[in-house]
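Enquirer: This is a predicted model, with the sequence first.
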Amino acid sequence: MKKIIILIGYTLLLATIYAQRAEYADLNGIKLHYQTQGSGEPLLLLHNFTSSHKVWEPWLRDLAKQYTLILPDMRGHGKSTNPSNLFTHEQSAKDMYALMDALKIEKFKAIGASSGGMTLVHMATMDSTRIESMILVGATSHFGQPCRQIMANSQFETVSEDWMLDMKKHQPEGDAQIKRLLGQFNAMQNSYDDMNFTAPYLSQIKCPTLIVHGELDEFFPLEIPFAMARAIPKASLWIVPNGGHLPIWDARWADIFLDTSKSFLKGEL
């Protein structure tokens, strides 16, 4: 009987730790969908463009043992609305600070992928006191010609089948929502002020920052993460060998990314 009681107690504990609580926050003219999970220090996880909070699922069970995870869908993504049909990373940063204010979270750690990482760059330069440490995966300080060309070529009618299938996993409104997001992504080819961080701006980032970048990233060539690492005072740089854009979802690197992230966020690296 004792073993049964212990097992039931453990099962209930796991259910409490891993239960996802879905909520909506009305802020900045949108209805922002987010989920929370786990217990401990707050850890904000920001997904890449045309994705959703679901992209973090491979690591949630493990991270939820140590952190209270905050998992938003950025404006227009997943179940979050975006009536303006406009997206900038600066506005996304303001959304995330508004969410953390609504949750009464003053200080937190964060991981961001691509546009999620660019949102964090804005957040860390807007206010250098609130993010305690952050991990930027496939992020950039500015848009160069390679990514502008990809943006220009990204049309609903021409995107790859694999990308389309992936977007359909994350966008519950289907083709209509995907068309809106691709339109916003396409428009970024002509954006020059949203992502435009020179070294003096990056030097304002005070928190420990781990920059994770694929060696063969087709969007942002290696000179960008190297320059970011030089400019951010407490930066560390991990170049993933033969990795493309967002290499952490490659099975070869997923477990290593998890272990590295946990060590970095605990201040062990």
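Expert: Happy to help now that I have it.

Enquirer: For the rest of this, base every contact and every neighbour count on C-alpha atoms.
Expert: Noted.

Enquirer: Now do the strands in the chain.
Expert: 21-27, 30-38, 41-46, 67-72, 108-113, 131-137, 209-214, 235-240 (DSSP state E).

Enquirer: residues making contact with the fourth one?
Expert: So that's strand 67-72. Counting by CA atoms under 8 Å, 6 or more residues apart in numbering, the neighbours of strand 67-72 from elsewhere in the structure are 32-46, 52-53, 63.

Enquirer: the inter-axis angle of it versus strand 30-38?
Expert: Angle between the axes of strand 67-72 and strand 30-38 is 160 degrees (criterion: axes from the mean of the first three to the mean of the last three CA atoms, to 10 degrees).

Enquirer: Distance from strand 67-72 to the middle of the chain?
Expert: 11 Å (CA atoms, centre = their mean, to the nearest Å).

Enquirer: Now do it against strand 41-46, angle only.
Expert: Angle of strand 67-72 versus strand 41-46, following the same axes, to 10 degrees, is 30 degrees.

Enquirer: quick one on the thing from earlier: for ChimeraX, write a command that selects the buried ones of the contacts of strand 67-72.
Expert: Here the buried members of these are turned into a ChimeraX selection, burial being counted by 16 or more other CA atoms under 10 Å:
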select :32,33,34,35,36,37,38,39,42,43,44,45,46,52,53,63
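
Enquirer: Let me see the contact set for Ser51.
Expert: Applying CA under 8 Å, 6+ apart to Ser51 gives the contacts His77, Gly78, Asp166, Met167, His170, Gln171.

Enquirer: try it again with 6 Å
Expert: Listed by CA atoms under 6 Å, 6 or more residues apart in numbering, the contact set of Ser51 reads His170.

Enquirer: Relative to Ile232, how far out is it?
Expert: Separation of Ser51 from Ile232 (CA to CA, to the nearest Å) stands at 27 Å.

Enquirer: Distance of Lys168 relative to Glu161?
Expert: 11 Å.

Enquirer: of the two, who's got more company?
Expert: Counting neighbours by other CA atoms under 10 Å for Lys168 and for Glu161 shows that Lys168 has the greater number, 17 against 9.

Enquirer: residue contacts, the more buried one?
Expert: Gly174.

Enquirer: contacting residues around Pro247?
Expert: Pro247 makes contacts with Gly214, as judged by CA under 6 Å, 6+ apart.

Enquirer: Kindly apply the preceding question to Ser115 instead.
Expert: Ser115 is in contact with Asn48, Phe49, counting by CA under 6 Å, 6+ apart.

Enquirer: just use 4 as the starting number from now, easier for me
Expert: All set: I'll call the first residue 4, so the last point we hit is now Ser118.

Enquirer: Now find how far off-centre stretch 185-194 is within its chain.
Expert: 19 Å.

Enquirer: What mean pLDDT does stretch 29-42 get?
Expert: Looking at stretch 29-42 alone, the average pLDDT works out to 97.

Enquirer: now do stretch 245-263
Expert: Averaged across stretch 245-263, pLDDT comes to 96.

Enquirer: Flag every buried residue along that stretch.
Expert: For stretch 245-263, the buried set under the neighbour-count rule, 16+ other CA under 10 Å, comprises Gly246, Gly247, His248, Leu249, Pro250, Ile251, Phe260, Leu261, Thr263.

Enquirer: And stretch 55-68, how far out from the chain middle?
Expert: Taking the mean of its C-alpha atoms, stretch 55-68 sits 12 Å from the chain's own mean (CA atoms, centre = their mean).

Enquirer: so how far does it reach from one end to the other?
Expert: Distance between the two ends of stretch 55-68: 22 Å, counting by CA to CA.
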